[in-house]
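Asker: task: produce atomic coordinates for the following.
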Amino acid sequence: MANDSRFYEIEPTLENHWRAIILFGRNVASYKFALAKALYDLRTNQQELIRLEDLAPHFADHVIQHLQQCDKQGTSSQSRFLEVCRKFRDGDANTSRDELITETVKLGFNNVLDAFHNVHGKELDSRFFLDERKTAGGIRLTEQFYHLASLGDFADLNQETEARWRLVETAWELNLPKQVVQVSYDETSQFLHTLTTQHRRVNITSSRDALNGYQKGRCFYCYRDISIDPTSDNLADVDHFFPHKLTFCATDKPINGVANLVLACKECNRGSEGKFDRLPKLDLLDRLHQRNEYLIKSHHPLRETLLLQTGMREDERIDFLQNAYNCASAHLITRWSPKPSGIAVF
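Answerer: Presented below is the predicted three-dimensional model:
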């Protein structure tokens with residue numbers, strides 16, 4: 001079980017504690033995501049104490065926004081809170097805005113506040129709020145939260161939360177057995193998508209937003225800071241570790257699959273000394289394996305997609321990567337390695 005915690009123990013920064021919550025916390029309902037996005041909304045709040053009636057509008061609005069695109073927001077067949085949200089979404093005459101907020105305070109926070117900081121059965125060292133419902137009627141934002149909120153990449157963390165939410169709710173909404181959920185990549189749109197049982201394509205989320213958290217906001221190759229903000233000068237490129245022209249090296253294992261996609265800075269991907277169609281050196285293959293293992297420690301659909309693409313057991317996944325590397329080595333003579341631009345963080 002110790003290896004499950006490696007993601008946030010290897011570099012215990014506030015950003016990566018937050019990512020551990022979003023990527024590795026339990027997914028039995030979408031409340032964790034709604035709470036994370038509500039906290040993001042409150043990042044400039046001057047009052048440390050956030051009463052539940054002030055937290056509730058943000059929390060409920062995010063849930064309702066997602067109910068409008070995916071009606072299933074949890075694994076349970078019934079939820080009194082979600083029923084209230086659905087009634088408000090549908091314009092029910094008996095469910096006013098005030099009623100929505102009252103019911104959210106009463107029903108919406110029953111479990112999520114207790115479980116938010118719990119990852120793999122233990123509490124994280126960093127706490128972004130303290131539960132003071134019994135003594136003060138709300139939660140108290142901590143210095144760690146305000147420090148996180150002051151960092152430039154907090155907006156990226158919010159986008160990663162949205163991407164994770166879209167992945168999880170899509171799997172619930174499609175109601176597919178998890179062993180057949182496959183997430184694919186569209187190179188033109190750079191979106192991840194899947195197919196319904198009627199073979200209808202459903203776009204899920206930006207590949208950048210979905211993958212950035214697993215790389216901790218760093219270039220896969222050189223560890224330089226990258227961004228998923230489309231307006232940023234550091235906007236990440238989506239790169240194929242095994243160049244796309246090597247499709248024949250992975251029979252029935254798509255080169256365009258999630259297991260082969262990484263986020264890279266422009267310098268590594270297409271700069272003057274960039275990778276282009278060269279094969280990365282062997283130590284980077286091990287890094288790819290470790291990145292994929294992070295994804296697998298998370299929950300479906302990315303987990304199930306990776307297992308289907310690369311193997312159900314770790315030794316099978318290692319063999320898959322080694323075989324693909326052997327094939328690539330026979331066709332690509334030169335090897336490529338970047339100049340480090342940051343500390344190793346995964």
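Asker: buried set for the longest helix along the chain?
Answerer: For the chain, the helix that runs over the most residues, judged by DSSP state H, is helix 154-174. For helix 154-174, the neighbour count (16 or more other CB atoms under 10 Å) marks 154, 156-172, 174 as buried. Quick note: C-beta positions are derived from backbone N, CA and C, even for glycine.
Asker: what's the answer for stretch 336-346, then?
Answerer: 336-338, 346.
Asker: contacting residues for residue 56?
Answerer: 101, 104-105, 108 (CB atoms under 8 Å, 6 or more residues apart in numbering).
Asker: follow-up on the earlier one: which other helices and strands does the longest helix of the chain contact?
Answerer: Contacts defined by 3 or more CB pairs under 8 Å, 6 or more residues apart in numbering; DSSP states H and E place helix 154-174 against helix 14-24, helix 31-41, strand 191-195, strand 201-206, helix 207-212.
Asker: compute the inter-axis angle for that helix and helix 31-41.
Answerer: Here the directions of helix 154-174 and helix 31-41 differ by 150 degrees (axes from the mean of the first three to the mean of the last three CA atoms, to 10 degrees).
Asker: centre of the chain to helix 154-174, how far?
Answerer: Offset of helix 154-174 from its chain centre (CA atoms, centre = their mean, to the nearest Å): 6 Å.
Asker: just the strands in this protein please.
Answerer: For the chain, applying DSSP state E gives strands covering 49-51, 118-119, 122-123, 129-132, 138-141, 184-186, 191-195, 201-206, 237-240, 261-264, 279-280, 335-336.
Asker: what about residue 334, how many residues nearby?
Answerer: Per other CB atoms under 10 Å, the neighbour tally for residue 334 reads 7.
Asker: that one contacts residue 279, correct?
Answerer: Yes - under the criterion of CB atoms under 8 Å, residue 334 makes contact with residue 279 at 7.4 Å.
Asker: show me where pLDDT drops low in this protein?
Answerer: 1-12, 27-28, 175-182, 193, 195-202, 204, 250-256, 299-301 (pLDDT under 70).
Asker: and the nearest residue to residue 290 once chain neighbours are set aside, how far is that from residue 143?
Answerer: Nearest residue to residue 290, sequence neighbours excluded (CB to CB, 6 or more residues apart in numbering): residue 346, at 6.5 Å. Distance of residue 346 to residue 143, given as CB to CB, to the nearest Å: 27 Å.
Asker: swap in residue 97?
Answerer: On the measure of CB to CB, residue 97 and residue 143 end up 33 Å apart.
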